[in-house]
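# sequence-free structure coming up:
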């Protein structure tokens, strides 16, 4: 079967596909019974653990106290019995290596007794520590092939859960991943460190404002996950989607998202069946899914959970991506999580909604009901703005990848320039504070001068700005630059750390003032104008997509890192090393390793894309173009043989021939560029791919997409955008 025939068969198969129900049935079991049925939750722990063991474990989870090693065996025994009752035969430590995804190694509960029998064993040692091979994961030089020892360490704050498979189930234990010498080989460990750093500084601030009861401050996040669904028949006929997760060729369809009719539109029945099953599976694991809807682009959708503590939310986010991929196959779909799978339509992000809450439930980014609470809120808000202004480059770095480079700056995503949107009312309050004339507030009556007399600020203190990369949205900040395929740990690790530094800076000055007998309110009023003057350049409430903003941002001195290669070196800048070392989040060698990994991943990703594009061009697109060229030439000769002149057909032949020739030339140029790529040091290799290979790929695509608009549709080998995006 020719590739063109395969494409036509794929279209036929998709057209005949019917929506299918999955395992979802809320008539058999109420959603309340379904939720967390496969989670070793607090309620399950309370039922199954001895009271003193349960109490000690909860202290570790909720107060951050060191785990009492004497309880490990009791917890392991209860966890094992619970898992076996749910059909589990194996257990695994589930961790987040620096691949950006998750990893697991399954071990059986079964142990032979030596007399022909077996026992189901799972000890405290099995629970607390595992020992996977550390040399086969990206380490950026932290581990060599001959240095294979690595350890997984149980994270008690993220409950164990059970994953079903057709032939059984597995007990999954969320863990950290460390080297034999103690360096973090994963993304979770630095996140946990950063949460501790921020909690310590936030508690200092709360003590200044008279809160003596809160013991811990948690960062909370809720990640809105955007994704595309296309039929699996189309996916398997697109080598670029299979190898790269994005289309390397594809002409603009007659209709895209111009009519703006997809956003929040009626969800197709087949897609809704997929969504319902994803939610069902996630609810069983205790993942609190809240929202589902059509996104802006055709075949694009969004799923969003409710807020959770950052490390638990990150585990759930990774679990969500895994479940979406798995369930998509059951419904004949492929779930695309690449940031830009289709050119010319919206890409996909993972909007990271971030806030801080005490162990007593107080959201520190919630405008208060009293002047005192408002003063605290304004100080916290100012700390975040100062952090984003001072460390904008580091925040941009956390959204850097070869995939996200295609999305950032396009007209559906925030630009690479990091700015903060506060909304009209909050911006007005900060402006008045800076000038020392805080005597009024938009949408409020006239008030007296002074921070302590500011009006109550409503939760929605202004409109929303969907173009801003970092926007205040009422009681949280939304960092919109994170890519859809990314582990959100890195962004939240950096965000926690830079805000911890700002809180440290502010607390040190306020504590000094109070110690010197200055009234706290007076100290706050004296400090806030200085902070606002410092971070004012990063505040922007306008259209971040406009060319005017780029010019204005340059005048303000805001950095504009346009691609990954430009921003990655910030990871090991002197200021970065000092920052992360001070708060115990990353060591110098850990930062160097992550820089190396980012650059290596970038270069390898682009190289894979280039080789895939070359293969498709040589073996699929060019042969189709030449075949059509021959068909047109034969038609012209046949007409000429009977005395008919065909000037229009000759013009078409020239157009096809010229395009095919330019395409062939572009193939050779790309092959030459790929062949000349340097090896060795990561930065030069990544820079070469960025500066040389990517432009060569763009030129090849330009002519390939032109050929798609010329070649007979009957012989075009690749499923087209109009088919993949609209036939469901």
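Yep, that arrived. Remember, it's a predicted structure, so these values are computed and weren't measured experimentally. Residues are numbered from 1 along each chain as shown.

# what's the residue nearest to residue 588 when sequence neighbours are not counted sitting at in phi/psi?
In space, and not counting its chain neighbours, residue 588 is closest to residue 577: 5.2 Å by CB to CB, 6 or more residues apart in numbering. In this view, the C-beta of every residue, glycine as well, is placed from N, C-alpha and C. Residue 577 has phi and psi values of phi -60, psi -40 when expressed as degrees, to the nearest 10.

# how near is residue 577 to residue 594?
Residue 577 sits at a distance of 12 Å from residue 594 (criterion: CB to CB, to the nearest Å).

# Also residue 266?
44 Å.

# Between these two, tell me which one has more neighbours.
residue 594 (24 against 8; other CB atoms under 10 Å).

# That one reaches residue 588, doesn't it?
No: Residue 594 is beyond contact range of residue 588, at 11.1 Å (criterion: CB atoms under 8 Å).

# Identify the contacts common to the two.
Residues touching both residue 594 and residue 588 (CB atoms under 8 Å, 6 or more residues apart in numbering): none.

# Buried residues, the host helix or strand of residue 283. List them.
Using DSSP states H and E, residue 283 sits within helix 269-284. Residues of helix 269-284 classed as buried by neighbour count (16 or more other CB atoms under 10 Å): 270-271, 273-284.

# Switch those over to TSV, and while doing so, append distance to residue 205 and pLDDT to every line.
Shown next, in TSV, are these (distance: CB to CB, whole Å; pLDDT from 0 to 100):
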residue	distance to residue 205	pLDDT
270	51	91
271	46	93
273	48	92
274	45	94
275	41	94
276	44	92
277	44	93
278	40	95
279	38	94
280	42	92
281	40	93
282	35	95
283	36	94
284	39	93
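
# Out of these, which is nearest to residue 548?
residue 271 (38.8 Å; CB to CB).

# which one is the closest one nearest to, not counting chain neighbours?
Here the residue nearest residue 271, using CB to CB, 6+ apart, is residue 229, at 6.0 Å.

# residues in contact with that neighbour?
271, 274, 299, 301, 328, 333-336, 728.

# how about 6 Å then?
299, 333, 335 (CB atoms under 6 Å, 6 or more residues apart in numbering).

# any idea whether it is helix, strand or coil?
Classification of residue 229 using DSSP: H, G, I helix; E, B strand; the rest coil returns strand.

# Identify the bridge partners of it.
residue 335 (DSSP bridges).

# Which residue, other than its chain neighbours, is closest to residue 586?
residue 580 (3.9 Å).

# Check residue 483 too.
Per CB to CB, 6+ apart, closest to residue 483 is residue 404, 3.7 Å.

# Please tell me I have it right and the one you found contacts residue 337.
No: Residue 404 is beyond contact range of residue 337, at 11.6 Å (criterion: CB atoms under 6 Å).

# Number of residues surrounding residue 543?
For residue 543, using other CB under 10 Å, the count is 12.

# One more: residue 486?
26.

# wait, what's in contact with residue 41?
residue 159.

# gap between it and residue 88?
In terms of CB to CB, residue 41 sits 16 Å off from residue 88.

# Same check on residue 306?
Distance from residue 306 to residue 88, by CB to CB: 27 Å.

# okay, these two: which has more neighbours?
Using other CB under 10 Å, the more surrounded residue of residue 306 and residue 88 is residue 88, with 23 against 12.

# Do I have it right that the more buried one meets residue 172?
No: using CB under 6 Å, residue 88 makes no contact with residue 172, being 9.2 Å away.

# got the contact list for the nearest residue to residue 595 once chain neighbours are set aside?
Distance criterion CB to CB, 6+ apart; nearest residue to residue 595, sequence neighbours excluded, is residue 571 at 4.0 Å. Contacts for residue 571 (CB under 6 Å, 6+ apart) come out as 591, 594-595.

# Narrow the residues you listed to those in helices?
591, 594-595 (DSSP state H).

# So the spatially most central residue of the chain: helix, strand or coil?
The residue lying closest to the centre of the chain (CA atoms, centre = their mean) is residue 486, at 3.4 Å. Under the three-state scheme (three-state DSSP), residue 486 adopts coil.

# show me what contacts the closest residue to it other than its chain neighbours?
Excluding the flanking residues, the one nearest residue 486 by CB to CB, 6+ apart is residue 350, at 6.1 Å. Taking CB under 6 Å, 6+ apart, we find residue 350 in contact with 223, 225, 482, 484.

# ok, and the first one, which helix or strand is that part of?
So the one you mean is residue 223. Going by DSSP H and E, residue 223 is part of strand 217-231.

# Now do that strand against helix 269-284, angle only.
150 degrees (axes from the mean of the first three to the mean of the last three CA atoms, to 10 degrees).

# which element follows strand 217-231 toward the C-terminus?
Counting by DSSP H and E, what follows strand 217-231 is helix 232-236.

# Which elements pack onto the helix or strand just after that next one?
Scanning forward in sequence from helix 232-236 by DSSP H and E, the next helix or strand is helix 239-244. Counting contacts by 3 or more CB pairs under 6 Å, 6 or more residues apart in numbering; DSSP states H and E, helix 239-244 packs against helix 588-616.

# Can you list the buried residues in the helix it packs on?
590-603, 605-607, 609-614, 616.

# for stretch 44-53, same thing?
In stretch 44-53, counting by 16+ other CB under 10 Å, buried: 44-45, 48-49, 53.

# Could you do stretch 678-685 as well?
For stretch 678-685, by 16+ other CB under 10 Å, it's 682-683, 685.

# Kindly report the same for stretch 382-398.
So for stretch 382-398, counting by 16+ other CB under 10 Å, buried means 382-398.

# And the contacts of that stretch?
418, 420, 470, 490-491, 494, 498-499, 502-503, 506, 531, 535, 538, 559, 561, 567, 570.

# one step back: could you take the buried residues of stretch 678-685 and lay them out as TSV, with extra columns for secondary structure, pLDDT and distance to residue 515?
Formatted as TSV, the buried residues of stretch 678-685 follow (DSSP: H, G, I helix; E, B strand; the rest coil; pLDDT from 0 to 100; distance: CB to CB, whole Å):
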residue	secondary structure	pLDDT	distance to residue 515
682	helix	93	48
683	helix	95	47
685	helix	96	53
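
# if we can go back for a sec, can you say which two of the buried residues of helix 269-284 are spatially most distant?
270 and 284 (22.3 Å).
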